[in-house]
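Participant: How does the following fold in three dimensions:
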Amino acid sequence: MASSPSDITATAGVRRPPHRRSTRRSIGQVATARLSAQLLGLPARDAERIRALFLRAGLPVTIRLSSARLGQLLTAMRLDKKVSGGEIKFVLAEEIGRVRWGQQVPSAMIVESLQSPP
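Facilitator: Here you go, the predicted model:
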C-alpha cells in the first residue's frame, strides 16, 4: 500500500519524472491553490499565478487518472501523516503567506482539484 510521497506518485502512474519532488509538489500545490480559492477565498489571481509559475517551469499541474488509479491515490492519501480521524487534512491559504491548518476537504473536491484542466 502506498504511503510515502514517492509511493503516491507511483500509484498515480507518474513514472520516473526528471524531478520527482518538483512534479509531486507542482501538482499538489496547484490543487491546493484551487481548493484554497474554493474554500477559503484565496484570490483567483493568486491561484492562477501559482499555476502559471509551475507551467512556466515546465512542470505538470494536473494529473489524469483512471478510476482505479484515482481510488488508489485517495487510499494512499488517507495513509498520510496529515490524516486525523479518517479525514485528510490540508493546509489551505487564505492569501499568499497566510494559511489555515487542518482543513477538511470533501473527497469530490480533492478529485476535482487534481483533474481540473490546466
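Participant: Can you read off the pLDDT for the residue most central in space within the chain?
Facilitator: Central residue of the chain (Cα atoms, centre = their mean): residue 28, 2.8 Å from the mean position. Listed pLDDT for residue 28 reads 88.
Participant: And it, which helix or strand is it part of?
Facilitator: helix 20-40 (DSSP states H and E).
Participant: where's that helix relative to the chain centroid, distance-wise?
Facilitator: How far helix 20-40 lies from its chain's middle: 4 Å, per Cα atoms, centre = their mean, to the nearest Å.
Participant: Same check on stretch 39-47?
Facilitator: With Cα atoms, centre = their mean as the basis, the mean position of stretch 39-47 lies at 15 Å from the chain mean.
Participant: May I ask which helix or strand encompasses residue 92?
Facilitator: strand 87-95.
Participant: scratch that, residue 99 is what I was asking about
Facilitator: Applying DSSP H and E, one finds residue 99 within strand 98-104.
Participant: And that strand, what does it pack against?
Facilitator: helix 20-40, strand 87-95 (3 or more Cβ pairs under 8 Å, 6 or more residues apart in numbering; DSSP states H and E). Backbone N, C-alpha and C define where each C-beta goes, glycine included.
Participant: Buried deepest among the ones you listed, which one?
Facilitator: Greatest average neighbour count among the helices and strands packed on strand 98-104 goes to helix 20-40 (a mean of 20), per mean count of other Cβ atoms under 10 Å.
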